[in-house]
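Visitor: Sequence plus the predicted model coming up.
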Amino acid sequence: RADPSCRYVLCEVVSEDPRCRQCIEDRALGLAVRDAIARVHGDYGLACCSISFTVKYLNAYTGTVLLRCRRDSYRLLCSALPFVRFLESRAQRYPCCLNTLHVGGTIRTCQKFLIQYNRTQLLRLLQNCTNEEERQCIQKSLLSCSLTEEQSQSGDEEEDDDTE
Amino acid sequence: AGPAGRAMAAAAFERRVLRRAAEHHYLRVRLELPDGGARPNAAQFKQLVVTALRELHGEVGAALPVDVLTYEEKTLSAILRVISSGFVKLWSALTLLGFYQNRRCAFRVLQTSPFLLALSGNSRELVLD
């Protein structure tokens, strides 16, 4: 089931501007990443990485992005991700940066990593709460989320909206 | 006789083979400008090489340590030196460069070698009488 010729790169979009979240869509992100690859690795790198390049999954609330690329060119892709400086949509540019979280061979390994990562992030958010109201809110959503059987493929049901 | 004989055999000869040990590769190239026009000087030639690398291999390619060791403006031929790990990138970039200042151009790679001394003679240009 796992295609051995692909690699999946999990990254998160970090931005200080909250309006950047509306730019997190597959077309804007795909263009930004390909533009970065073209700048850093030229025509050869762009062609190499574009062979099976897609944005497989997006989560605008948490800024999580899953990219797919060929196994032979994942290093070109990963080295170009730090050069993405802004996302553009509807003639507006918002500065951002992409952190690479995990590189896996299948979507399932990336999903497992993401579940674990989101757990630790939620705990960290809880620790960094500044007031009691936020703390109550997070605790309530943490206790209320659960993994239902028929939706076991998308483990991201566990996470909820971040406090913005 | 035993230990002495073995010591004699061990000192016979030793052979070392070093693969891909050269740090730099040297290329003798010639630029062809079939449509004529102003010839580039040494700095413009280097700029052209770096531009070719940037087009094909991006900023990473343009940052390759490439040196123009000699350049003759009259014949537009030069000797380039590049770090061995960037040899393939440089040659492919020179091959695919098509235009210089909107004029057609082509790079011809005449000789390459990991040793600069080897570029001093070219058996292809040898005239046998």
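Guide: Noted; the coordinates are in hand.

Visitor: which residues of chain B fall in strands?
Guide: Applying DSSP state E to chain B gives strands spanning B:24-32, B:66-72, B:77-83, B:99-100, B:103-104, B:106-113.

Visitor: which stretch among these comes nearest A:G105?
Guide: Closest approach to A:G105 among those is made by strand B:77-83 (32.4 Å; Cβ to Cβ). From N, CA and C alone the C-beta is placed, and that goes for glycine too.

Visitor: Okay, buried residues for the closest one please.
Guide: Residues B:78-83 are the ones in strand B:77-83 that count as buried (16 or more other Cβ atoms under 10 Å in any protein chain shown).

Visitor: and that strand, which strands flank it?
Guide: strand B:24-32 (antiparallel), strand B:66-72 (antiparallel) (DSSP bridges).

Visitor: Contacts for the last one next, please.
Guide: The set of residues external to strand B:66-72 that reach it, using Cβ atoms under 8 Å, 6 or more residues apart in numbering or on different chains, is B:26, B:42, B:45-46, B:49-50, B:53, B:77-82, B:86, B:90, B:116.

Visitor: just those now: which is nearest A:C20?
Guide: Nearest to A:C20 out of the contacts of strand B:66-72 is B:L53 (Cβ to Cβ; 33.5 Å).

Visitor: check contacts around that closest one.
Guide: B:L53 neighbours (Cβ under 8 Å, 6+ apart): A:42, B:61-62, B:64, B:66, B:89-90, B:93.

Visitor: Output those residues in TSV; the columns should cover neighbour count, pLDDT and distance to A:R21.
Guide: As requested, these are exported to TSV (neighbours: other Cβ atoms under 10 Å in any protein chain shown; pLDDT from 0 to 100; distance: Cβ to Cβ, whole Å):
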residue	neighbour count	pLDDT	distance to A:R21
A:G42	24	96	31
B:G61	25	96	35
B:A62	18	96	34
B:L64	18	95	39
B:V66	21	96	43
B:K89	20	96	39
B:L90	26	97	43
B:A93	27	97	40
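
Visitor: low-scoring stretches of chain B, by residue?
Guide: Scanning chain B for pLDDT under 70 picks out B:1-11.

Visitor: Run through the helices of it in chain order.
Guide: With DSSP state H as the criterion, chain B has helices at B:2-10, B:42-62, B:87-95.

Visitor: got the angle for the second one vs strand B:66-72?
Guide: The one in question is helix B:42-62. Relative orientation of helix B:42-62 versus strand B:66-72 (axes from the mean of the first three to the mean of the last three Cα atoms, to 10 degrees): 160 degrees.

Visitor: Send me helix B:42-62 as PDB with only the CA atoms.
Guide: Coordinates of each C-alpha in helix B:42-62 appear next as PDB, following Å, rounded to 0.1, in the frame of the first residue of the first chain:
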ATOM      1  CA  ALA B  42      37.200  38.400 -18.000                       C
ATOM      2  CA  ALA B  43      34.700  39.700 -15.400                       C
ATOM      3  CA  GLN B  44      31.800  39.400 -17.800                       C
ATOM      4  CA  PHE B  45      32.900  35.900 -18.700                       C
ATOM      5  CA  LYS B  46      32.900  34.900 -15.100                       C
ATOM      6  CA  GLN B  47      29.500  36.600 -14.700                       C
ATOM      7  CA  LEU B  48      28.200  34.500 -17.600                       C
ATOM      8  CA  VAL B  49      29.400  31.300 -16.000                       C
ATOM      9  CA  VAL B  50      27.800  32.100 -12.700                       C
ATOM     10  CA  THR B  51      24.600  33.100 -14.500                       C
ATOM     11  CA  ALA B  52      24.500  29.800 -16.300                       C
ATOM     12  CA  LEU B  53      24.900  28.000 -12.900                       C
ATOM     13  CA  ARG B  54      22.200  30.200 -11.300                       C
ATOM     14  CA  GLU B  55      19.700  29.400 -14.100                       C
ATOM     15  CA  LEU B  56      20.100  25.700 -14.000                       C
ATOM     16  CA  HIS B  57      21.000  25.000 -10.400                       C
ATOM     17  CA  GLY B  58      19.700  28.100  -8.500                       C
ATOM     18  CA  GLU B  59      21.500  30.000  -5.700                       C
ATOM     19  CA  VAL B  60      23.200  26.800  -4.500                       C
ATOM     20  CA  GLY B  61      24.700  26.400  -8.000                       C
ATOM     21  CA  ALA B  62      25.700  30.000  -8.300                       C
END
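
Visitor: Right, I'll call it a day here.
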